[in-house]
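*Asks:* Here's a sequence, model it:
(one chain, ligands or ions: 1)
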Amino acid sequence: MTASTAPLGVLAIDGPAGAGKSTVSQRVAAALGVTMLDTGAMYRAITLACLRARVAPADAAACAEIAARVTIDLEAGRTRLDGDDVSEEIRGREVTMAVSEVSAHPGVRRRLVEHQRRWASHRDGCVVEGRDIGTVVFPDARLKVFLVASARERAERRFREETEAGRAVDLDDLIADIDRRDRLDSTRAVSPLIAADDAVVVDTTRRTIDAVVAEIVDLYRSAGGAP
Ligand code: DC
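*Replies:* A predicted model of the protein is given here:
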């Protein structure tokens, strides 16, 4: 059998908060032996930089200026902002509350989209996880998956994650936060959260992670993205 020399291509995984994107993307990348980019972590890091600089999340020009100035590194599952490991801090409430507003600014998005394309251009096969990966960042992705799950199940999953990480949270607050972020993310003018026309919609409600991962790996292989 001759080994394929065609580039494996990008596997784009988009979807709303709590649909299982992070876990599924990590597991799919591990199964395929490729690296993964968590673009949400990049938007969170920029948001943290804005908060640290005391810039209002609504201030488009100032947020874009910060996005142009800071360095974000995502290596080995850690997120670094100007060299400082902020992996835990970017998951905190302050950043979570402000990230939808900061990520809606076109200047912020332009910077990060450039960064994401540069990152993928060095790789033969990768999983890129986010909200606009299949629609805007990589419209020619080898495979586009749009993960969905019911709002209640998404809130319950977040609740478990937060509790396991030792952060105290309230389930009703999480449901309200998921609704608020869905609304902001899907109605913003630039790169709203919508499935690409050619995306495969995968509903993860009441399905095991293993089953979802296996389905996506098969889809990627069928698309010629892996041997
Ligand atoms: O996946 P997450 O919850 O860590 O994402 C944090 C925020 O970043 C989310 O509210 C929307 C935004 N985001 C985005 O606008 N575009 C992306 N490609 C990824 C995330």
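
*Asks:* Do I have it right that Trp181 meets Ala17?
*Replies:* Not quite, residue 181 is Arg, not Trp. Yes: between Arg181 and Ala17 there is a contact under C-beta atoms under 8 Å: 5.3 Å. C-betas here are computed from N, CA, C, even on glycine.

*Asks:* Looking at these two, which has the bigger crowd around it?
*Replies:* Neighbours per residue, other C-beta atoms under 10 Å: of Arg181 and Ala17, the larger number sits with Ala17, 24 against 19.

*Asks:* Assign the more buried one to helix, strand or coil.
*Replies:* coil (DSSP: H, G, I helix; E, B strand; the rest coil).

*Asks:* which ones are touching it?
*Replies:* 154, 158, 178, 181-182, 185 (C-beta atoms under 8 Å, 6 or more residues apart in numbering).

*Asks:* Likewise for Glu162?
*Replies:* Contacts of Glu162 by C-beta under 8 Å, 6+ apart are 168-169, 174.

*Asks:* Over to Lys144?
*Replies:* 12, 14, 133-134, 195-196, 198-200.

*Asks:* Please name the nearest non-neighbouring residue to it.
*Replies:* Nearest-residue entry for Lys144: Gly134, 3.4 Å, with adjacent residues in sequence omitted and distances by C-beta to C-beta, 6 or more residues apart in numbering.

*Asks:* element containing Leu74, please.
*Replies:* Applying DSSP states H and E as the criterion places Leu74 in strand 72-75.

*Asks:* Mind listing what's buried along that strand?
*Replies:* Under the neighbour-count criterion of 16 or more other C-beta atoms under 10 Å, strand 72-75 has 72, 74 buried.
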